[in-house]
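Visitor: model this:
(2 chains)
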Amino acid sequence: MGQRPIVIEAVGLGKAYRVYPNAAARLAEAATLGRWKLHEEFWALRGIDLHLRAGTAFGLVGANGAGKSTLLKLLAGTTAPTTGRFRSSGRIASLLELGTGFHLEFTGRENVRMSGVLAGWSSRQVERNLEAIAEFAELGDAFDAPVRTYSTGMAMRLGFATALGFDPDVLILDEVFAVGDMYFQKKCVDRLLEFRDDNHTILFCSHSLYDVRQLCDEAIWLDGGESQCASDATTVTNRYSSWQSSRVDAPMVSGPRAIDWPSIDSARLVTADRRPATVVRTGDDLQLRLRWRNPLGDERPVQLGVAFVRQDQTLCAAAGTHLDGVDLRGHQGEAVLHLPNLPLLSGTFTVMLYMFDEGGLFRFVERALEEDLVVEAGTDEPGLVRIEHTWELFGGGQERELAA
Amino acid sequence: MAISAPSPQQSATDLSTADTPWVVAGPPRGRDLWSRLATWPLVLRAHRDLVYTSVRRDLQARFRGTVLGFAWVLAQPVVTFAIYAFLITELLGVRLGSDGSTPPATMAVYMFTGTLVWTSVADALTRSTSCVLEQRNLVQKVRFPAQLLPLQIGLSTLVTFAMGLVAFVGFTLVSDAWEVPGLALLAWAPVLLLLQLMLTTGLGLALSAAQVLFRDTQPVVGVLLTVGMFATPIFWVPSTEVLPDIQRWLPLVEMNPLHHLVYAWRSLLMSSEPDFVFDGSFPESLRIVASWAFGAFACGSLLFFRVERHLADEV
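Guide: A predicted model of the protein is given here:
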């Protein structure tokens, strides 16, 4: 396959917002035609270079306030750059806020019509797409009922269907990846992948590094409005996540100096025979080995916590030293969490590591293990965990106990 | 910012940024502003379905869920006229001219026609002042020509105004209190409607942009409209025969474009009025209204295009 065409390119893109101390200052600046400079500039974005190619998904990661939304707005064309330039071809649709653009008194159909003509379509073209959108959103008769009667899920489904329904060339997803119940989420994901494979482009902004890794080909990590790393999605998310864990170790509140801050220096998940455990089977025996440090020692006791979180943010299981009445003594040490006979059934789990204060409330450290835990079930049992169980049967001349 | 919306006709296969113009930083150049003014008709043509849909929606939104629905548009002028007829003609017995040569309803019709025009203009200006701010969701999230927002308001109020005209003509048809307006109305109404639309849209463009940047705009507009309602001959006659002391103020009244707009409408709607009500001339007023309309539309558009790039950041 030849080089895919570029659909969005940006060179040295930057955005500064003007911050005025008060309304009078703004009026004075306008009245003097800008000769009095009374505003301060806040640089939300600086020197961003980007190339988005058709048929790819591009991820955008970074902490809150890193400039992600500003970049999305710039590329969507709703706000103007302060420096640099960019150009895009084709239609860009935003899924920035699902369903919020809808007028509550109007029916789903009328709202979709409005979105269509806003996107630059003619009424005739809109009518042609209406039924497909209604069908995808699965609203049934509710499509002709006012949106105010919709549940949140219904409005989001309609929003998702609308954004994709008018055949955009580039789709901007801000944190919204899949909506509705599990069934509809699956449908959204399938539709998005199909969309991407159909030579369309996705610009995806998310805090979920897992989703970015899974969906995106390339990514950029923004911090303080500047690009920290722009490369393939795996490299970027890895760099970002290691930066993130170094950052949450640093003090965010005034008080203890950084040097006093407790930390988890290393953590790895291994099998009973000390081999790295990234892909395991239900029923395996695992160990989580952590090296921790607490510079203030017993002056300020700390607690360790571990949690297994499924992709959909379901907390599946957790353990904590404060919950088990175990004390961490001294300034540093190694802790081994034994997990015999892993009950988790198949799925991908993020292993979260915590370091709490004595009461288990304040989190000194909150980070994810770099590698997610992938469990492959050894059985056909559905569900989240495998429960210890036996069957006992009576009657039919088969009184006996069956081991599961 | 990009001038034209992306064209839906472009197919996914020939997507490439190679032929698309760069969106660059910095304020728009004077040349760009003028070319955007010149491309107004193209924008209108490309987005005619958007304009139609949103005007329809705006009108629907006002009467959604009511029993009478769109008929409420007629209720307002009908009730206004009934009140004037009862209060002015019956109760107060106000007559235009002392010799009794005018029909009894003259003053009521005079006030009604004035109110009809004034309300429409004032309504358009009030609503368009806040229109960009109110649509902040759209302005921030969707790339579309925001210049259409004040236009939609202008069009929507024009529709209700036209319904008022129809109500008035309907009244003259069934009642013998007032003559049916002459055929000149049919000929000139479209012209006047267009000029009125350009005037309100032009002012609306400037006001809506100003309101985003300076929130004081709205109250200022409110005060000016209140003053304007009495400074414009809506309820009084700018003639020394009716108001002997008005002479020294007449030059000031003559400068008011809305006076000429009201005057032009009245010339068409009140064909059997005494001369002193209309001591100006229709062509002269039409000319003044037209120059204001074109001037306001051009200046308002240029101002709007000049600051448009800041609007999404400030709403």
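Visitor: could you list the low-pLDDT ranges of the chain?
Guide: No chain specified, so I'll use chain A. A:1-2, A:96-100, A:176-180, A:245-259, A:312-313, A:397-404 (pLDDT under 70).
Visitor: looking at chain B here, not the other one
Guide: Ranges of chain B meeting pLDDT under 70: B:1-15, B:97-101, B:271-279.
Visitor: let's see it at 50
Guide: B:1-13 (pLDDT under 50).
Visitor: and the strands in it?
Guide: B:23-24 (DSSP state E).
Visitor: what about stretch A:80-89 and chain B, touching?
Guide: Yes. Stretch A:80-89 comes into contact with chain B (CB under 8 Å from any CB of the partner chain), by way of A:Ala80, A:Pro81, A:Thr82, A:Thr83, A:Gly84, A:Arg85, A:Phe86, A:Arg87, A:Ser88, A:Ser89. Where C-beta positions appear, they are placed from N, C-alpha and C, glycine not excepted.
Visitor: now for those, which pair is the farthest apart?
Guide: Longest distance between any two of the residues of stretch A:80-89 next to chain B is 23.0 Å, between A:Thr82 and A:Ser89; criterion CB to CB.
Visitor: any idea what A:Glu334 is bridged to?
Guide: When assigned by DSSP bridges, A:Glu334 has beta-bridge partners A:Arg291.
Visitor: that one contacts A:Arg289, doesn't it?
Guide: Yes. Contact criterion CB atoms under 8 Å: A:Glu334 and A:Arg289 qualify, at 6.6 Å.
Visitor: more neighbours: these two, which one.
Guide: Of the pair A:Glu334 and A:Arg289, A:Arg289 is the one with more neighbours under other CB atoms under 10 Å in any protein chain shown, namely 14 against 10.
Visitor: who's in contact with the more buried one?
Guide: By CB atoms under 8 Å, 6 or more residues apart in numbering or on different chains, the residues touching A:Arg289 are A:Ala267, A:Arg268, A:Leu269, A:Val270, A:Glu334, A:Ala335, A:Val336, A:Leu337.
Visitor: so how many other residues sit close to the last one?
Guide: Yep, that's A:Leu337 we're talking about. 17.
Visitor: who touches the helix or strand containing it?
Guide: Element membership of A:Leu337 [criterion: DSSP states H and E] is strand A:332-339. Outside strand A:332-339, the residues that touch it by CB under 8 Å, 6+ apart are A:285-294, A:304, A:306, A:319, A:321, A:328.
Visitor: go again using 10 Å as the cut-off
Guide: A:262-267, A:269-270, A:272, A:277, A:280, A:284-295, A:297, A:304-306, A:308, A:317, A:319, A:321, A:324, A:326, A:328 (CB atoms under 10 Å, 6 or more residues apart in numbering or on different chains).
Visitor: cross those against strands and list the overlap.
Guide: Counting by DSSP E, the contacts of strand A:332-339 place A:263-267, A:269-270, A:280, A:286-293, A:304-306, A:308, A:317, A:319 in strands.
Visitor: what about B:Ser208, how many neighbours?
Guide: 29.
Visitor: my read: it touches B:Leu311, true?
Guide: Yes. The pair B:Ser208 / B:Leu311 is scored as a contact, 8.7 Å apart, by CB atoms under 10 Å.
Visitor: need the residues of the stretch 101-250 of chain A near chain B, please.
Guide: A:101-103, A:105-106, A:110-111, A:113-126, A:146, A:166-170, A:172, A:174, A:198-201 (CB under 10 Å from any CB of the partner chain).
Visitor: can we see that at 7 Å?
Guide: Taking CB under 7 Å from any CB of the partner chain, the part of the stretch 101-250 of chain A that reaches chain B is made up of A:101, A:105, A:113-114, A:117-118, A:120-123, A:125, A:169, A:199-200.
Visitor: so how do I select the buried members of the residues you listed in ChimeraX?
Guide: Restricted to buried positions by 16 or more other CB atoms under 10 Å in any protein chain shown, the ChimeraX selection for these reads:
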select /A:101,113,114,117,118,120,121,122,125,169,199,200
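Visitor: nearest to B:Met198, of the residues of stretch A:80-89 next to chain B?
Guide: Using CB to CB, those come closest to B:Met198 at A:Ala80, 27.3 Å.
Visitor: around the closest residue to the closest one other than its chain neighbours, how many other residues sit close by?
Guide: In space, and not counting its chain neighbours, A:Ala80 is closest to B:Arg309: 3.6 Å by CB to CB, 6 or more residues apart in numbering or on different chains. Using other CB under 10 Å, B:Arg309 has 18 other residues around it.
Visitor: hang on, the earlier thing: dump the residues of stretch A:80-89 next to chain B into TSV; add distance to B:Ala162, neighbour count and secondary structure as well.
Guide: What follows is these, written out as TSV (distance: CB to CB, whole Å; neighbours: other CB atoms under 10 Å in any protein chain shown; DSSP: H, G, I helix; E, B strand; the rest coil):
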residue	distance to B:Ala162	neighbour count	secondary structure
A:Ala80	38	22	coil
A:Pro81	43	24	coil
A:Thr82	45	20	coil
A:Thr83	48	18	strand
A:Gly84	48	21	strand
A:Arg85	45	16	strand
A:Phe86	44	24	strand
A:Arg87	43	19	strand
A:Ser88	41	25	strand
A:Ser89	42	22	coil
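Visitor: can you pull the buried residues of whichever strand or helix holds A:Glu194?
Guide: Following DSSP H and E, one finds A:Glu194 within helix A:182-197. Neighbour counts using 16+ other CB under 10 Å place A:Phe184, A:Lys187, A:Cys188, A:Leu192, A:Phe195, A:Arg196 of helix A:182-197 among the buried residues.
Visitor: of all pairs in those residues, which one is the farthest apart?
Guide: A:Phe184 and A:Arg196 (18.7 Å).
Visitor: contacting residues for B:Ala209?
Guide: By CB atoms under 7 Å, 6 or more residues apart in numbering or on different chains, the contact list for B:Ala209 reads B:Val132, B:Leu303, B:Phe304, B:Val307, B:Leu311.
Visitor: just give the closest residue to the first one, not the sequence neighbours.
Guide: Once its chain neighbours are removed from consideration, B:Val132 has its nearest residue in B:Ser208; the separation is 4.4 Å (CB to CB, 6+ apart).
Visitor: quick one: contacts for the one you found?
Guide: Counting by CB under 7 Å, 6+ apart, B:Ser208 has contacts B:Ser128, B:Thr129, B:Cys131, B:Val132, B:Leu149, B:Pro150.
Visitor: follow-up on the earlier one: which pair in the contacts of A:Arg289 has the greatest spatial separation?
Guide: A:Leu269 and A:Glu334 (14.2 Å).
Visitor: any idea how many residues pack against the closest residue to chain B within the stretch 201-350 of chain A?
Guide: For the stretch 201-350 of chain A, the residue closest to chain B is A:Thr201, as judged by CB to the nearest CB, at 8.5 Å. The number of residues packed near A:Thr201 is 28, by other CB under 10 Å.
Visitor: B:Ala124 against B:Leu155, yeah?
Guide: No. Using CB atoms under 7 Å, B:Ala124 is not in contact with B:Leu155, being 9.2 Å away.
Visitor: and the gap between the closest residue to chain A within the stretch 201-315 of chain B and A:Gly359?
Guide: Going by CB to the nearest CB, chain A is nearest to B:Arg309 of the stretch 201-315 of chain B, at 3.6 Å. To A:Gly359, B:Arg309 is 52 Å away according to CB to CB, to the nearest Å.
Visitor: packing partners of the helix or strand where A:Leu75 lies?
Guide: For A:Leu75, the host element (DSSP H and E) is helix A:68-76. Using 3 or more CB pairs under 7 Å, 6 or more residues apart in numbering or on different chains; DSSP states H and E, the elements in contact with helix A:68-76 are strand A:6-19, strand A:40-53, strand A:83-88, strand A:170-174, strand A:201-205.
Visitor: 8 Å instead?
Guide: strand A:6-19, strand A:40-53, strand A:57-61, strand A:83-88, strand A:92-95, strand A:170-174, strand A:201-205 (3 or more CB pairs under 8 Å, 6 or more residues apart in numbering or on different chains; DSSP states H and E).
Visitor: now it against strand A:170-174, angle please.
Guide: Counting by axes from the mean of the first three to the mean of the last three CA atoms, to 10 degrees, helix A:68-76 lies at 160 degrees to strand A:170-174.
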